[in-house]
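Chemist: Give me the fold of what follows.
(one chain, ligands or ions: 2)
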Amino acid sequence: MGKMAPMMIFADCSSSTTAHHLLPFGRSCELWPSNLIHSYRSLSCSPLPLPNPSPLSLSYRSSSSTLCSAAMATESLAKVIDGKAVAKQIREEIAAEILRMKDAIGVVPGLAVILVGDRKDSATYVRNKKKACDSVGINSYEVHLPEESTEQEVLDSISRFNDDPSVHGILVQLPLPLHMNEVKILNSVAIEKDVDGFHPLNIGRLAMRGREPLFVPCTPKGCIELLHRYGIEIRGKKAVVIGRSNIVGMPAALLLQREDATVTIVHSRTMNPEDITRQADIIISATGKANMVRGSWIKHGAVVIDVGINPVEDAKLPRGYRLVGDVCYEEAMEVASAVTPVPGGVGPMTIAMLLSNTLTSAKRAHGFR
Ligand SMILES: NC(=O)C1=CN([C@@H]2O[C@H](COP(=O)(O)OP(=O)(O)OC[C@H]3O[C@@H](n4cnc5c(N)ncnc54)[C@H](OP(=O)(O)O)[C@@H]3O)[C@@H](O)[C@H]2O)C=CC1
Ligand SMILES: Nc1nc(=O)c2c([nH]1)NC[C@@H]1CN(c3ccc(C(=O)N[C@@H](CCC(=O)O)C(=O)O)cc3)C=[N+]21
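Modeler: Numbers count the residues shown, from 1 in each chain. Ligands and ions are numbered 1, 2, ... in the order given. Coordinates of the predicted model:
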């Protein structure tokens, strides 16, 4: 996160006449501070997801917005891919495995999280990770360092966790303060504890045929897991990944390729992104641009995985904003065959995959199968 091309896009997909500058995330600010919340008219095109009564069933969902004219014309056709429900099921599977390991060898997995600074969004993510660890029986350890800490202090914390046998996974919450060298810090995490999958050795192995990374980055892994659990075939399909960041877009493209999709990557310098995206059977979008992907970008029947988490202004809510994805949800529901909502799609899967990687790491460390 953090980079952004200077551009105008529409925070509201129901109208192209209300353009707003979308601002990048700040580095040391309140989340979501008012200057970072994209203006969003009350004519919202993205209703909150409805609860899905049957965890892994493919639910049909009709548009609840009466204001999005495109959505009013026809009943929504797409299935909602319920990441929240799938993540819950995965947590239950992980909890059972952790009990089995504890009973057999007396080992409980441990996850260490290092948080530097006072970004509210980071603090929320870290809190959610701790809650998720508690829910499955993973021991969690947290180090919270002040914004003005030195790089060496972060490296020292990592080093302590590298040497601690009760810690099987280490996560350095990103973004780090600007004065720190992210590359150096991420490289210092022991590869066998790199549950984020961000170490260059893990990424390198992910990119190479015939090599296996010890860990796959959680968000892309969660996207693929959703496709698998919904029985969506990847092999031979045309996939377009929008975004090429180290933590989402690039590893998502590598994973899709490993799954035998034919992959195209769209980024901020791509010409005609709309035409390229419209070729895709599977779209994974991770740009951080609210509602950028319109219905017209999506081929009829395509599957849409929306990774974006973008705060937009919503005066009706007490906190003054809500979260939307990169994809205009209601328009996507009209043309796609399946769509992930935001929130409740990829986000909960990211955390479930972190727990899964931590369990894998503990099993590997103790030779437990
Ligand atoms: N659900 C989850 O679990 C997670 C969600 N996220 C969310 O996913 C989004 C992306 O995060 P992250 O990958 O870290 O973001 P980055 O800012 O690191 O990367 C964004 C990518 O999108 C590309 N991009 C930006 N604008 C456009 C555009 N107009 N057209 C095409 N491509 C564009 C950029 O291209 P270029 O390379 O040319 O600059 C870049 O590759 C954010 O909303 C973030 O909050 C992130 C992590 C986990
Ligand atoms: N080292 C590191 N690893 C990460 O994996 C990492 C990171 N740093 N920095 C920030 C991004 C972002 N990220 C999210 C995780 C969960 C949700 C999530 O659970 N979202 C909920 C909504 C949460 C809410 O309502 O605020 C949802 O989409 O339903 C979102 C985003 C992990 N990241």
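
Chemist: residue of the stretch 201-350 of the chain with the smallest distance to ligand 2?
Modeler: Closest residue of the stretch 201-350 of the chain to ligand 2, CB to the nearest ligand atom: Gly347 (2.2 Å). Heads up, the C-betas are built off the backbone N, CA and C, glycines and all.

Chemist: Next up, phi/psi of Asn310, please.
Modeler: phi -130, psi 120 (degrees, to the nearest 10).

Chemist: So it sits against Ala290, correct?
Modeler: Yes: when contacts are counted by CB atoms under 8 Å, Asn310 is listed as touching Ala290 (3.9 Å).

Chemist: pLDDT of stretch 99-115, averaged?
Modeler: Across stretch 99-115, pLDDT averages out at 98.

Chemist: in that stretch, what counts as buried?
Modeler: For stretch 99-115, the neighbour count (16 or more other CB atoms under 10 Å) marks Met101, Val107, Pro109, Gly110, Leu111, Ala112, Val113, Ile114, Leu115 as buried.

Chemist: The residue nearest to the second one when sequence neighbours are not counted: neighbour count?
Modeler: Same thing as Val107. Among residues not flanking Val107 along the chain, His366 sits closest, at 5.2 Å (CB to CB, 6 or more residues apart in numbering). Using other CB atoms under 10 Å, His366 has 16 neighbouring residues.

Chemist: Check Thr124 too.
Modeler: 12.

Chemist: And the one 5 residues further on, by the same measure?
Modeler: Each residue near Lys129 was counted by other CB under 10 Å, and the total is 23.

Chemist: just Ile242 next, same as before
Modeler: Residues near Ile242, counting by other CB under 10 Å, number 30.

Chemist: List the contacts of it.
Modeler: When contacts are counted by CB atoms under 8 Å, 6 or more residues apart in numbering, Ile242 touches 249, 266-267, 273, 277, 283-287, 292-293, 326.

Chemist: Any of these buried? List them.
Modeler: Among the contacts of Ile242, the ones that count as buried by 16+ other CB under 10 Å are Gly249, Val266, Pro273, Thr277, Ile283, Ile284, Ser285, Ala286, Thr287, Met292, Val293, Asp326.

Chemist: which residues does Val335 contact?
Modeler: Taking CB under 8 Å, 6+ apart as the contact definition, Val335 lies against Leu77, Ala78, Gly295, Ile298, Lys299, His300, Gly301, Ala302.

Chemist: Now it. Nearest residue, chain neighbours left out?
Modeler: Distances taken as CB to CB, 6+ apart put Ile298 closest to Val335, at 4.8 Å, once the chain neighbours are dropped.

Chemist: That neighbour touches Asp281, doesn't it?
Modeler: No: with contact defined as CB under 8 Å, Ile298 does not reach Asp281; the gap is 10.6 Å.

Chemist: Now do the phi/psi pair for His179.
Modeler: phi -80, psi 0.

Chemist: What segments of the stretch 151-300 of the chain are strands?
Modeler: Counting by DSSP state E, counting those that start in this stretch, the stretch 151-300 of the chain has strands at residues 169-172, 238-242, 262-266, 282-285.

Chemist: Now distance to Asp306 too, for those strands, in JSON lines please.
Modeler: Listed next are these as JSON lines, based on distance: least, CB to CB, whole Å:
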{"stretch": "strand 169-172", "distance to Asp306": "23"}
{"stretch": "strand 238-242", "distance to Asp306": "10"}
{"stretch": "strand 262-266", "distance to Asp306": "14"}
{"stretch": "strand 282-285", "distance to Asp306": "6"}
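
Chemist: Tabulate those in CSV, adding columns for distance to ligand 2.
Modeler: CSV is the format used below for the strands of the stretch 151-300 of the chain (distance: least, CB to the nearest ligand atom, whole Å):
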stretch, distance to ligand 2
strand 169-172, 5
strand 238-242, 17
strand 262-266, 20
strand 282-285, 14
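
Chemist: can you tell which of these is closest to Leu359?
Modeler: Ranking the strands of the stretch 151-300 of the chain by proximity to Leu359 (CB to CB) places strand 169-172 first, at 9.0 Å.

Chemist: mind checking how far the nearest residue to Gly308 once chain neighbours are set aside is from Asp196?
Modeler: In space, and not counting its chain neighbours, Gly308 is closest to Asp326: 3.2 Å by CB to CB, 6+ apart. Note on Asp326: its distance to Asp196, by CB to CB, to the nearest Å, is 22 Å.

Chemist: Then Tyr125?
Modeler: 12 Å.

Chemist: ok, now Gln173?
Modeler: Distance, Gln173 to Asp196, using CB to CB: 9 Å.

Chemist: the more surrounded of the two?
Modeler: More neighbours surround Asp196 than the other of Gln173 and Asp196, with 24 against 20 (other CB under 10 Å).

Chemist: which residues touch the residue nearest to that one when sequence neighbours are not counted?
Modeler: Of all residues beyond its chain neighbours, the one nearest Asp196 is Leu171 (5.3 Å), with distances taken as CB to CB, 6+ apart. When contacts are counted by CB under 8 Å, 6+ apart, Leu171 touches Leu111, Ala112, Val113, Ile114, Lys129, Val195, Asp196, Leu354.

Chemist: Quick one: residues contacting Arg269.
Modeler: Shown in contact with Arg269 (CB under 8 Å, 6+ apart): no residues.

Chemist: count of residues packed around the residue in the stretch 51-200 of the chain that ligand 2 sits nearest to?
Modeler: Nearest to ligand 2, among the residues of the stretch 51-200 of the chain, is Leu174, at 3.7 Å (CB to the nearest ligand atom). By other CB under 10 Å, 17 other residues sit near Leu174.

Chemist: Could you check how far Asp314 is from Gly308?
Modeler: 16 Å.

Chemist: between those two, who's got more neighbours?
Modeler: More crowded of Asp314 and Gly308, by other CB under 10 Å: Gly308, with 24 against 18.
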